[in-house]
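Participant: okay, sequence plus prediction incoming.
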Amino acid sequence: MIIKLPSPNFKSNISLEETIKKRRSIRKFKPYKISLEEISQLLWAAYGVSDEKSGFRTVPSAGATYPLEVYYLTEEGVFHYLPYNHSAESVIQKDVRNLIVEASLGQRFIMEAAIDILLCAVYERTTLCYGERGYRYVYMEVGHSAQNISLQAISLGLDSVCIGAFYDEKLREILLLPIDVHPLYIVAIGKRS
Ligand SMILES: Cc1cc2nc3c(=O)[nH]c(=O)nc-3n(C[C@H](O)[C@H](O)[C@H](O)COP(=O)(O)O)c2cc1C
């Protein structure tokens, strides 16, 4: 099933400087049902298309090779972001976040967050162009994406925490990730309690 996401918004009531100032890793979230508009906005900031003509994204990418694949998890299941038509494909139709908590050394806020965005990479897209150096470029790019998500969250009145501590292979098994898709970073987002 493909979910068409609402168009992103390009205006907000908070300055970029304020979002930078306010960003803090928050690990206590209260129950909050995230809207499709908020999901759309976060995914667009993460890796959406910001120039329709060129297909270039909200994040810089070495040689425009775009190695990242973006997934998100909510109580409804697991979804894969399709940037070119700003939509999401349903991948798993049940809540698997308790398993992700287990695979992430018991970081419970992954389940308490309203949404978790998982940033993965297909290294070959970049290493085919740049060889070994491509790995460093991919790691830089995932940081750009996570930062965009963190600041976009603040602009939406939400908070976040970036998570790098998890067992890659466990995550791959739970999320049925294709063999060339490597999980790198989770950003948990929600309303702080
Ligand atoms: C690469 C990376 C991995 C991180 N992994 C985790 C993590 O697994 N769990 C967690 O709670 N915080 C994680 N953090 C968040 C840091 O603990 C946090 O950014 C740091 O304590 C500074 O606090 P601040 O983000 O509020 O400024 C990670 C941060 C980075 C940059």
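Facilitator: Looks like it arrived, so ask away. Treat the numbers as computed from the prediction; the structure is a model and nothing was measured. Numbers count the residues shown, from 1 in each chain.
Participant: just the residues contacting stretch 128-138, thanks.
Facilitator: Contacts with stretch 128-138, where a contact means CB atoms under 8 Å, 6 or more residues apart in numbering, come from 62-63, 65, 67-68, 121, 123, 126-127, 184. Placement of C-beta: from N, CA and C, glycine included.
Participant: all helices for the chain, in order.
Facilitator: 16-22, 36-47, 97-103, 109-112, 124-130, 133-155, 168-175 (DSSP state H).
Participant: what residues does this protein have near the ligand?
Facilitator: Within reach of the ligand by CB under 6 Å from any ligand atom, the chain has these residues: 24-25, 27, 107, 161-165.
Participant: what's opposite the residue nearest in space to the middle of the chain in the beta bridge?
Facilitator: By CA atoms, centre = their mean, the chain has its centre lying nearest to residue 117, at 3.3 Å. Beta-bridge pairing for residue 117 (DSSP bridges): residue 72, residue 187.
Participant: contacting residues around it?
Facilitator: Here residue 117 is in contact with 42-43, 46, 70-72, 149, 186-187, 189 (criterion: CB under 8 Å, 6+ apart).
Participant: who wins for most neighbours among the residues you listed?
Facilitator: Among these, the one with the most neighbours (other CB atoms under 10 Å) is residue 42, at 29 neighbours.
Participant: so it touches residue 149, yeah?
Facilitator: Yes: counting by CB atoms under 8 Å, residue 42 does reach residue 149; the two are 5.8 Å apart.
Participant: quick check: neighbours shared by the two?
Facilitator: Listed as contacting both residue 42 and residue 149 by CB under 8 Å, 6+ apart are 117, 189.
Participant: quick check on the residue lying farthest from the centre of the chain: phi, psi?
Facilitator: Among the C-alpha atoms of the chain, the one most distant from their mean position (CA atoms, centre = their mean) is that of residue 131, at 25.6 Å. Taking degrees, to the nearest 10, you get phi 60, psi -150 for the backbone angles of residue 131.
Participant: gap between it and residue 123?
Facilitator: 11 Å (CB to CB, to the nearest Å).
Participant: highest mean neighbour count out of the helices of the chain?
Facilitator: Sort the helices of the chain by mean neighbour count, taking mean count of other CB atoms under 10 Å, and helix 36-47 sits at the top with a mean of 22.
Participant: please pick the buried ones from the residues of the chain next to the ligand.
Facilitator: 27, 107, 161-163 (16 or more other CB atoms under 10 Å).
Participant: wait, what's in contact with residue 119?
Facilitator: So residue 119 contacts 46, 68-70, 142, 145-146, 183-187 (CB under 8 Å, 6+ apart).
Participant: how does it look with 10 Å?
Facilitator: Taking CB atoms under 10 Å, 6 or more residues apart in numbering, we find residue 119 in contact with 46-47, 59, 68-71, 141-143, 145-146, 149, 162, 183-187.
Participant: can you list the low-confidence ranges for the protein?
Facilitator: Counting by pLDDT under 70, the chain shows no low-confidence range.
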